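Peer 1: below are the sequence and a predicted model for it; my questions follow.
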Amino acid sequence: MKSAICEMLGVEFPLVAFSHCRNVVAAVSRAGGFGVLGATAFTAEELELELKWIDENIGGKPYGVDVLIPENIATKNEKSSTAGSLGSRIPQGHRDFVHNLLARYDVEQPQKRDRAEGQESKRRLNLQEDSVMPLLEVSFRHPIRLIANALGVPPQSMLDLGRKHGVPVAALIGAKEHAVRQVKAGVDIIIAEGWEAGGHCSEVSTMVLIPDVLKAIKPIRNVPVLAAGGIATGRQMAACMALGAAGVWTGSVWLTTAESDLPEIIKEKLLAATSRDTVRSRCRTGKFSRQLKSAWTEAWEGPDSPGPLPMPFQTVLSEPALRMALRAAERGNKKAAELVTYWVGQCVGLVDSVKSSRAVVQEFMEEFAEATAEMQALAEG
């Protein structure tokens, strides 16, 4: 296929797969797509091991890395902090709300911090330039073909590293004005992520966002756009490219693949969900992100909720609680299972069985070919 994205990334089919799981990244790239590893949760040492494993198991195929450096964050002018230091600044009312919510669903809460939790409290949140820079330095020591950033214009240091190593820099956006800022800043690829997407997403649907962005950036510079948001089939991919996208960025469709390392209880909930079983809420990170509806998301929207805290404080509050609920659910606590949630887009309703990542890539290719052939036949009358 002739596409600007194919040329930039070194692939023949412009299907980009974002995943936090190295097995998915490698499997997608080996199958002809382009895997991107979400690196935010790793330390530099952990990321080095992940990328080394990918290099050894990807068969020489191209892949990329994604980081998260928000422009707007409550701790923007501070040096990056540990989860423990930020946790001490969370209001008692929010602590009590979470404690009572977990208790209501019979989730056991430790009276004293154990060693694992103590180590976790020392972990830095990779949400600011100084804490992400070690991840970038590790990434550029490997043969990556893309580096991407979400929630704002990448810092100049990231853009400079991309230029130095000849690696395209991509940015996720949710509005045309964001795309204009990114193009003027010098990014190489725009990832336009619509309302339907899992995780942090737009207020505008993918169907509207793609032409809106393309029209806005055209007078400035020719930058390829990847469409994102609720895309789980080859026919949807064809539709996005008919709108002018140079390819697609996908995430949710890989969560339930055979290679995914998500806990089985989350996979089961995702496979059982319909397209109406997601919600766009601030209850997990402090910024709006789409996730599976659960007792957790409903409680934060309820009358007793103290309201979500800004990023990163809501993350520090919610993540340990959700991990406790997940562990309780995995031990057989059915009430705790009602709290379990995960980031996923509205296309969750289109995914109802476990398939290999290779099979998903193949289905994308086949459906894309069918859709484009049908459109060509219509054009020919």
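Peer 2: That came through, no problem. Numbers count the residues shown, from 1 in each chain.

Peer 1: alpha carbons only for contacts and neighbour counts from here, please
Peer 2: Will do.

Peer 1: strands of the stretch 1-150 of the chain, start to end?
Peer 2: In the stretch 1-150 of the chain, the strands defined using DSSP state E, counting those that start in this stretch lie at 15-19, 34-38, 63-68, 146-150.

Peer 1: repeat that for the stretch 251-381 of the chain.
Peer 2: Counting by DSSP E, counting those that start in this stretch, the strands of the stretch 251-381 of the chain are 278-281, 289-292.

Peer 1: which ones are touching the residue nearest to the spatial centre of the chain?
Peer 2: Centroid check for the chain by Cα atoms, centre = their mean gives Gly199 as the closest residue, at 5.6 Å. Residues near Gly199 by Cα atoms under 8 Å, 6 or more residues apart in numbering: 288-291, 343-345.

Peer 1: ok, now Trp300?
Peer 2: 283, 306-308.

Peer 1: next one: Leu146
Peer 2: Here Leu146 is in contact with 9, 63-65, 167-170 (Cα under 8 Å, 6+ apart).

Peer 1: show me what it is bridged to.
Peer 2: Applying DSSP bridges to Leu146 yields these beta-bridge partners: Gly64.

Peer 1: distance check, it against Val208.
Peer 2: As for Leu146, its distance to Val208 is 26 Å (criterion: Cα to Cα, to the nearest Å).

Peer 1: can you list the domains in this protein?
Peer 2: 4-75+125-258, 83-123+261-337 (automatic domain parsing).

Peer 1: tell me the predicted confidence for the residue in the chain sticking out farthest from the centre.
Peer 2: Residue farthest from the centre of the chain, counting by Cα atoms, centre = their mean, is Gly381 at 41.1 Å. Gly381 carries a pLDDT value of 71.

Peer 1: compute the inter-axis angle for the longest helix seen in the chain and strand 34-38.
Peer 2: Longest helix of the chain, by residue count under DSSP state H: helix 357-379. Interaxial angle of helix 357-379 relative to strand 34-38 (axes from the mean of the first three to the mean of the last three Cα atoms, to 10 degrees): 130 degrees.

Peer 1: list the contacts for the residue nearest to Lys52 when sequence neighbours are not counted?
Peer 2: Of all residues not flanking Lys52 in the chain, His142 sits nearest, at 7.8 Å (Cα to Cα, 6 or more residues apart in numbering). Shown in contact with His142 (Cα under 8 Å, 6+ apart): 51-52, 55.

Peer 1: roughly how far does His142 sit from Val167?
Peer 2: As for His142, its distance to Val167 is 11 Å (criterion: Cα to Cα).

Peer 1: contacting residues for Thr285?
Peer 2: 310-315, 318.

Peer 1: closest one of the residues you listed to Glu330?
Peer 2: Using Cα to Cα, Ser318 comes nearest to Glu330 of those, at 18.3 Å.

Peer 1: distance of the closest one from Trp343?
Peer 2: Using Cα to Cα, one obtains 13 Å as the distance from Ser318 to Trp343.

Peer 1: which one's more surrounded, these two?
Peer 2: Using other Cα atoms under 10 Å as the criterion, Ser318 and Trp343 rank with Trp343 on top: 21 against 18.
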